[in-house]
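**Q** Kindly generate the corresponding structure for this input.
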Amino acid sequence: MWEHVVAWTEDEGWQPVTKVGFDHERFAIYVWRSVRAHGDTKTRKSRRTLELPKDVADALKRHHARQAAQRLKAGEDWQDNGLVFCTRTGRPLDAGNVRRAFRGITRKAGIGENWTPRELRHSFVSIMSDNGVPLETIADLVGHAGTAVTEKVYRHQLKPVITKGAETMNTVFARSRSA
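**A** Residues are numbered from 1 along each chain as shown. Coordinates of the predicted model:
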């Protein structure tokens, strides 16, 4: 929901963009709820606030403007549910809407149509891991209570671990040759 997208203000800290707008430097998202039977995330630890990268914040700002135009175009048909992602008339997206839109995105990106939105989570974990982010930090980012699930289920290294030994030895021998 838009009220879960927040901007950092010097006076009041994190405030919803619905209240303070997008004319700020830092943005975050409250990840407190998910689509589950009762609407809550599975554990208390999985509730978190995540600061957004600048590119994501900029994309959300543009999306907010496009959505405002859609609202005007829909007129009386618009149902204001406060959703960041919704149909052209403000209604919640169903799973079919999301899968269809995602297939369009992956097709346009040239990576085929066999991807699912869930794979973004696995990719995020793998990219963070491959770029040296500690496993404990990654587990916190994705809302896992510990590192076991992050490591066993989600992390699929982009660089195989088997190369690490050779890379390290090449560095060691390069140093000893230059000495």
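**Q** Residue 123: what's it in contact with?
**A** Going by C-beta atoms under 8 Å, 6 or more residues apart in numbering, residue 123 touches no other residue. The C-beta positions use only the backbone N, C-alpha and C, and glycine is treated the same way.
**Q** Over to residue 5?
**A** 16-17, 27-29, 60, 84.
**Q** May I see the domains of the protein written out as residue ranges?
**A** 1-86, 116-179 (automatic domain parsing).
**Q** would CSV of the ones you listed with distance to residue 94 and mean pLDDT be doable?
**A** Formatted as CSV, the domains of the chain follow (distance: least, C-beta to C-beta, whole Å; pLDDT from 0 to 100):
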stretch, distance to residue 94, mean pLDDT
domain 1-86, 11, 88
domain 116-179, 13, 79
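**Q** Which one of those domains lies nearest to residue 103?
**A** domain 116-179 (9.4 Å; C-beta to C-beta).
**Q** How far does the closest one sit from its chain's centre?
**A** Taking C-alpha atoms, centre = their mean, to the nearest Å, the mean C-alpha location of domain 116-179 is offset from the chain mean by 18 Å.
**Q** got it, and stretch 12-32?
**A** With C-alpha atoms, centre = their mean as the basis, stretch 12-32 stands 16 Å off its chain's centre.
**Q** neighbouring contacts of it?
**A** Here stretch 12-32 has contacts from 2-9, 40-41, 46-52, 56-57, 60-61, 64, 82, 143, using C-beta under 8 Å, 6+ apart.
**Q** Name only those of the residues you listed that count as buried.
**A** Neighbour-count burial (16 or more other C-beta atoms under 10 Å) is assigned, among those, to 2, 4-7, 41, 46, 52, 57, 60, 64, 143.
**Q** Let me know the closest of the residues you listed to residue 177.
**A** The closest of the buried ones among the contacts of stretch 12-32, once distances to residue 177 are taken by C-beta to C-beta, is residue 52, at 45.1 Å.
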